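**Q** Provide a 3D model corresponding to the input given below.
(chains A and B)
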There are 2 protein chains.
Amino acid sequence: MSAVSTTRAAFSSTPSTGVRSETVRSANLAIILRELHFHGPASRSELVARTGLTRSAIGALVGELVKADLVSEQRAASDGSPGRPSPVAAPVVERNVTLAVDVAVDSLAVAAVGLGGVVLHAERVDRPRERVAVDATIDDIVAMVRRVEAALDPGCRIIGIGVGVVGLVNRTDNSVSIAPNLGWHDVAFGARLQHALGSRADVLVSNDADLAALAEVRRGVAAGIRDVLYVWGEVGVGGGLVSRGEPITGAAGFAGEIGHVPVNPDGRPCRCGSVGCWETEVGEGALLERSGRSPEGGRDAVDALLADADAGVPSALDALAVQARWLGIGIAGLINVMNPSMVVLGGLLGRVHPYVSDQVTAEIERRALESSRRGVVVVPSALGGDAPLMGAAELAFERLLADPLGTLRKVSTSR
Amino acid sequence: MSAVSTTRAAFSSTPSTGVRSETVRSANLAIILRELHFHGPASRSELVARTGLTRSAIGALVGELVKADLVSEQRAASDGSPGRPSPVAAPVVERNVTLAVDVAVDSLAVAAVGLGGVVLHAERVDRPRERVAVDATIDDIVAMVRRVEAALDPGCRIIGIGVGVVGLVNRTDNSVSIAPNLGWHDVAFGARLQHALGSRADVLVSNDADLAALAEVRRGVAAGIRDVLYVWGEVGVGGGLVSRGEPITGAAGFAGEIGHVPVNPDGRPCRCGSVGCWETEVGEGALLERSGRSPEGGRDAVDALLADADAGVPSALDALAVQARWLGIGIAGLINVMNPSMVVLGGLLGRVHPYVSDQVTAEIERRALESSRRGVVVVPSALGGDAPLMGAAELAFERLLADPLGTLRKVSTSR
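**A** As a prediction, the model looks like this:
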């Protein structure tokens, strides 16, 4: 793999900034905090082994994190080996909290998640289609956040607020460019929510499928996998692309709109204005319609369809077979483009996975290049429908994990 | 853009290695050498401004590179401003050389390229289809390399040997998995060429389209652009994907096979075994066939087709119009997936660009999401048919640019 990592180090011709010695300390603090956030409590010896830093460096760096109330240290029980047991460092969960928000079509969810990824409180409420306007959405989120905050440790600090929205989000200014299923267009959602919450913590907004991929790569079925194609399908189909462990965002954060790859030039019109987009063949509406149901039937209709499939009803099985074929065609193309080692199906597509898996695999074998598909596995999401919410929490932790002390200076006690 | 770069720093949950102070010096040597390689000679003051390092650090680091014969320093002529003029550092071109090889279907090319990207010697020879077997290819390359080497400075060191092949290359072991147009399958090409050359310098092999993209991003029309979709089309269609200034390689280096995205379920059979792949609609064969020519006509037939188009011959214009429509459909889908800020057309597709540009743009406007295509430009390659060769040279420089002194220790005087 050395060739690959070498390529990466030197590929770009854009100027790099030189490394100053004072930035090394900050980078190493971040490395230790990420280690504890992602992998849980660790002894100093384990941290030495995992980071390659010396024991004395680990001691000093952990000391700084303890002083900042990000990490606590406890003497471990002896494991029987000679010598003094190595103290165990753990993230201070309840005092370092992010708020996560998921704006879906049919529901809203808010969670408080502590350092280490521990869910402290969470609620999700269904909402009727009349409540999806921007103002109503913000009012509802504020009310839910207030309820969740009331249950938190009074001394905790809110590190950040992460929001997933079912739409195209401009990551550079946290605005929603377009969310067809909500009827939103060019909404400064991050700024408006931040104002309504009156919070000093930054509100960061991202696409729900991107966040589901983030959660799945950090804490789900794709943990530790470096090249991942995440396919999130409900009413629409979106994707999260991960290359070498990092998200592909594109120039303005819009990458991953895999639902709008043209797969059928003679297909149906798409809500995006084009024709024959992948989501017109594999989205919820197409699946329901093919089974003889209303394409607007929603979750209840999907439940009924899957129950029919379990009972062997031909119309349900046929609809799933067509769905499987188009799923396989689209995934095969994306395997050729991305050469992932794992494809994760989330949302509705995660639910149908057991029904379509064999046919999807057959279609991939027919259509993806042998080299590109060698070793690839197609699996359902491990985090289910809460994946975007969990990803929103991770998004809100990102600045802290990149620069622990610098970020704390900004947020202080922000409630 | 801070949100985006923060995302990147913290996205992955895989353990990072701590930064040791001794690696800082090595990283800073690499930063200065890359600056000179990509942007040419620079005064110490310019290096201070571009890298953010202090003047005394720059002085010491440049001194080390001079001692290693990678950089030379000359006193600059006074620019009239008060004080001593800042010395100018320049790459030592003729003594630090890479060999670049391009294995195309109809030709072979070899070049010697000095540090700074200066082409010292180059030759390309056409070859009949009977010479494309692996053994004949290696024999021909060795003979060409010997001629090129004979013209080099006797004291130069060969830093590395980069090879582009029109096929799928496994970057982890420099083997060619499959090259349909050469009839190669699972060939340990890097290792065999290294043995035949008897060189101490490493032979690194990559896909020709990936290398064309590398060259275009470093020294061509996409220099400085961070999110690029490079579409290389000749007989087949391949791609180079660049996200945030870095190549997307995929799990084994096979990413970018954009020619094999299914775009037409009722389309023609593809050489890959699938049906309706993008390259069956936009490759050279389809273009020639639609104009009433043999799909095997090659470059001469393409020249005749474009001459007909210039003369307004309807069959040629019609063939190009169909080509334009399919080009636009495929590019629109990839814009939705990748959200690039630039699309570069290379090879045959670069040649047809002036004929198809308006229709491609119209198709993109019809089919790509407004947010994702906002600001994107579609341009022809600046480096033309030699782009893969120039990329092969850059590939061969990569280890040196990532770790200058460590790499020199390995190659020494390798001839």
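**Q** Only C-alpha atoms from now on, for both contacts and neighbour counts.
**A** OK.
**Q** mind listing what the residue of the stretch 101-250 of chain A found nearest chain B touches?
**A** Across the stretch 101-250 of chain A, no residue is closer to chain B than A:Gly250, which sits at 4.5 Å (Cα to the nearest Cα). A:Gly250 makes contact with B:227, B:243-244, B:338-341, according to Cα atoms under 8 Å, 6 or more residues apart in numbering or on different chains.
**Q** where does the stretch 301-415 of chain A dip in pLDDT?
**A** A:412-415 (pLDDT under 70).
**Q** and the gap between the one residue in the stretch 51-200 of chain A that gets nearest to chain B and A:Ala57?
**A** Distance from chain B to each residue of the stretch 51-200 of chain A (Cα to the nearest Cα) is smallest for A:Thr51, at 4.5 Å. A:Thr51 sits 11 Å away from A:Ala57, going by Cα to Cα, to the nearest Å.
**Q** In terms of packing, which of those two has more residues around it?
**A** Neighbour count, other Cα atoms under 10 Å in any protein chain shown: between A:Thr51 and A:Ala57, A:Thr51 has more, with 18 against 15.
**Q** Find the least confident helix or strand in chain A, judged by mean pLDDT.
**A** helix A:2-10 (a mean of 30; mean pLDDT, DSSP states H and E).
**Q** Helix B:21-39 and the next helix or strand after it, what's the angle between them?
**A** Beyond helix A:2-10 on the C-terminal side, the first helix or strand identified by DSSP states H and E is helix A:21-39. Angle of helix A:21-39 versus helix B:21-39, following axes from the mean of the first three to the mean of the last three Cα atoms, to 10 degrees, is 110 degrees.
**Q** Kindly report the residues of the stretch 251-400 of chain A close to chain B.
**A** Contact residues, the stretch 251-400 of chain A versus chain B (Cα under 8 Å from any Cα of the partner chain): A:251-258, A:260-265, A:272-275, A:329-330, A:332-341, A:366-369, A:371-372, A:395, A:398-399.
**Q** If burial is judged by neighbour count, which of the residues you listed pass?
**A** Buried members of these, counted by 16 or more other Cα atoms under 10 Å in any protein chain shown: A:251-258, A:260-265, A:274-275, A:329-330, A:332-341, A:366-369, A:371-372, A:395, A:398-399.
**Q** Among those, which are located in helices?
**A** Among these, the members found in helices (DSSP state H) are A:329-330, A:332-338, A:366-367, A:371-372, A:395, A:398-399.
**Q** Taking these, tell me the two that lie furthest apart.
**A** A:Arg366 and A:Arg399 (43.3 Å; Cα to Cα).
**Q** any low-confidence regions in chain A?
**A** Filtered on pLDDT under 70, chain A yields the residue ranges A:1-22, A:76-84, A:412-415.
**Q** Where does the record place the domain boundaries for it?
**A** Domain assignment for chain A by automatic domain parsing gives A:22-76+A:83-91, A:96-211+A:388-411, A:223-382.
**Q** and the end-to-end length of the longest one?
**A** With Cα to Cα applied, domain A:223-382 spans 10 Å between its terminal residues.
**Q** Distance from it to the middle of the chain?
**A** The chain centre lies 17 Å from the centre of domain A:223-382; the measure is Cα atoms, centre = their mean, to the nearest Å.
**Q** How about the helix or strand containing A:Leu408 and chain B, any contact?
**A** Using DSSP H and E, A:Leu408 sits in helix A:404-411. No: no part of helix A:404-411 sits near chain B under the criterion Cα under 8 Å from any Cα; the closest distance found is 11.4 Å.
**Q** counting contacts, what elements does that helix pack onto?
**A** The contact analysis (3 or more Cα pairs under 8 Å, 6 or more residues apart in numbering or on different chains; DSSP states H and E) places helix A:404-411 against helix A:21-39, strand A:157-165, helix A:387-402.
**Q** Which residues does stretch A:394-402 contact?
**A** Contacts for stretch A:394-402 (Cα under 8 Å, 6+ apart): A:27, A:30-31, A:33-34, A:98-100, A:115, A:117, A:159-162, A:203-204, A:211, A:214-215, A:406-408, B:6-7, B:9-11.
**Q** ok, of those residues, which come out buried?
**A** A:27, A:30-31, A:33-34, A:98-100, A:115, A:117, A:159-162, A:203-204, A:211, A:214-215, A:407-408, B:6-7, B:10-11.
**Q** Helix, strand, or coil at A:Val242?
**A** When classified by DSSP: H, G, I helix; E, B strand; the rest coil, A:Val242 comes out as strand.
**Q** Next, the buried residues of stretch A:176-187.
**A** Under the neighbour-count criterion of 16+ other Cα under 10 Å, stretch A:176-187 has A:176-179, A:181-182, A:184, A:187 buried.
**Q** Over to stretch A:393-412?
**A** For stretch A:393-412, using 16+ other Cα under 10 Å, the buried residues are A:393-405, A:407-408, A:411.
**Q** quick one on the thing from earlier: for the domains of chain A, which one sits closest to B:Leu287?
**A** If we rank those by Cα to Cα, the stretch that ends up nearest is domain A:223-382, at 18.7 Å.
**Q** ok so, going back, the helix holding A:Leu408 relative to strand A:157-165, how many degrees between them?
**A** 90 degrees.
**Q** mind listing the strands in the stretch 151-300 of chain A by residue range?
**A** Using DSSP state E, counting those that start in this stretch, the strands found in the stretch 151-300 of chain A span residues A:157-165, A:168-170, A:175-179, A:184-187, A:203-207, A:228-233, A:237-243, A:246-247.
**Q** Give me the distance from stretch A:384-400 to the chain's centre.
**A** Centroid separation for stretch A:384-400 versus its chain: 6 Å, with Cα atoms, centre = their mean.
**Q** no no, stretch A:115-130
**A** Computed by Cα atoms, centre = their mean, the separation of stretch A:115-130 from the middle of its chain amounts to 15 Å.
**Q** okay, the angle between whatever helix or strand A:Val322 lives in and strand A:228-233?
**A** Per DSSP H and E, A:Val322 falls inside helix A:314-338. Counting by the same axes, to 10 degrees, helix A:314-338 lies at 150 degrees to strand A:228-233.
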